[in-house]
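> No sequence on hand, only this structure:
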């Protein structure tokens, strides 16, 4: 396994995820009640805020997992599925570096 390539992929994904988190935090700021945006628009804004909050939580969880994976990259069991103990294919790790499970066990 080319751990240097994997490490670069993880670092790139961490950078992208941190940018997403910053963006989601901006989108989830409260809407001031004195903003004149209309009743329907306010309901849309509240709905969008809820969706963005869920995306923010998901991105924060992904970032946490990516940091754990990065800290474990030099371990002997890096790239081994936590459930079935089989090797996770390099392609899966490069596409989804936060993967802790092989495709079969992730279902």
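The structure has been received and is ready for your questions. Quick caveat: nothing in here was measured; it's all calculated off a predicted structure.

> what comes up buried for the helix or strand containing residue 44?
Per DSSP states H and E, residue 44 falls inside helix 39-71. Neighbour counts over helix 39-71 (16 or more other Cβ atoms under 10 Å) mark 52, 55-56, 59-60, 62-63, 66, 69-70 as buried. For the C-beta atoms, the positions are set from N, CA and C on the backbone; glycine is no exception.

> could those residues go into JSON lines alongside pLDDT?
Shown next, in JSON lines, are the buried residues of helix 39-71 (pLDDT from 0 to 100):
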{"residue": "52", "pLDDT": "94"}
{"residue": "55", "pLDDT": "97"}
{"residue": "56", "pLDDT": "97"}
{"residue": "59", "pLDDT": "97"}
{"residue": "60", "pLDDT": "97"}
{"residue": "62", "pLDDT": "96"}
{"residue": "63", "pLDDT": "97"}
{"residue": "66", "pLDDT": "96"}
{"residue": "69", "pLDDT": "93"}
{"residue": "70", "pLDDT": "94"}
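
> tell me the two of these that are most distant?
The most widely separated members of the buried residues of helix 39-71, counting by Cβ to Cβ, are 52 and 70 (26.1 Å).

> Could you check how far stretch 71-84 is from the centre of its chain?
Remark: stretch 71-84 is offset 19 Å from the chain centroid, using Cα atoms, centre = their mean, to the nearest Å.

> what does that stretch rub up against?
In this structure, residues lying in contact with stretch 71-84 by Cβ atoms under 8 Å, 6 or more residues apart in numbering are 1, 3, 6-7, 10, 86-88, 90, 93, 100-102, 104-105.

> Buried ones among these?
6, 10, 88, 93, 100-102.

> taking those one by one, which sit in strands?
If you go by DSSP state E, the buried ones among the contacts of stretch 71-84 have nothing in strands.

> Where does the prediction get shaky in the chain?
Along the chain, the model assigns pLDDT under 70 to residues 1, 34-40.
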